[in-house]
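A.B. asks: got a predicted model here, sequence first, then my questions.
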Amino acid sequence: MSAMFSDEWMKGFMEQWNAEGDLSGALAEIGFNSTIGYGFPDTDQPSGVLVVENGKAVAAGAYNGEELNWDIRASEAQWTKWIGKPPGMMGLGAAFASGKMKFKVGDYSAMIKDPRMAGPFIKSFSVMARV
C-alpha cells in the first residue's frame with residue numbers, strides 16, 4: 001500500500017470515491033463542488049488533495065498549492081484508526097470536539113448539521129478503507 005495521502009494513494013481514493021454512489025451520487029444531487037485537502041496537524045500544508053465537481057472526483061494527487069475549500073487534519077494514527085473502522089456521526093463529533101480532527105479550512109459545524117453533506121462525509125471514511 002502506498003503512503004497515506006501520497007499522489008498514488010489519492011488517485012486510488014479518487015477511483016473509490018467515484019465508484020461509491022452513496023458518496024459521489026449523493027453529493028451530485030446537491031451540486032457539491034469542492035477542493036479538499038487531507039493531511040496531518042504538524043505540517044504547514046496538507047499532503048493530498050481531491051477536487052470534486054458535482055459530486056464526482058475529477059482530480060487527485062499530492063497537494064500542490066491548490067486553493068482549498070476544506071483542509072482536514074488528523075494524526076496518522078487517527079486516520080489509520082478511522083480507515084480500519086470508519087467512524088459514525090458520534091465518533092466524528094467527539095474527534096472534532098477533542099481536537100483529534102481539525103479543519104484548517106472549512107466549517108465542520110455547518111457541514112455536520114446538513115444531512116446532505118454529513119452522510120457522504122462519514123461515507124468517505126469507509127471509501128478510504130478501500131484504497
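C.D. replies: Noted; the coordinates are in hand.

A.B. asks: is it correct that L92 is in contact with M101?
C.D. replies: Yes: the pair L92 and M101 qualifies as a contact (Cβ atoms under 8 Å) at a distance of 6.8 Å. C-betas here are computed from N, CA, C, even on glycine.

A.B. asks: quick one: the strands in the chain?
C.D. replies: Here the chain has its strands, by DSSP state E, at 34-39, 48-53, 56-62, 70-74, 101-105.

A.B. asks: the first one - contacts with which helices or strands?
C.D. replies: In this case it means strand 34-39. Strand 34-39 sits against strand 48-53, strand 70-74, with contacts defined as 3 or more Cβ pairs under 8 Å, 6 or more residues apart in numbering; DSSP states H and E.

A.B. asks: of those strands, flag the one that's most buried.
C.D. replies: strand 48-53 (a mean of 22; mean count of other Cβ atoms under 10 Å).

A.B. asks: so that strand versus strand 34-39, what angle?
C.D. replies: Put simply, strand 48-53 runs at 170 degrees to strand 34-39, going by axes from the mean of the first three to the mean of the last three Cα atoms, to 10 degrees.

A.B. asks: not counting sequence-adjacent ones, nearest residue to A60?
C.D. replies: M14 (3.7 Å; Cβ to Cβ, 6 or more residues apart in numbering).

A.B. asks: same check on W79?
C.D. replies: For W79, ignoring the flanking residues on the chain, the nearest one in space by Cβ to Cβ, 6+ apart is M4 at 6.0 Å.

A.B. asks: same thing with A129?
C.D. replies: I83 (4.9 Å).
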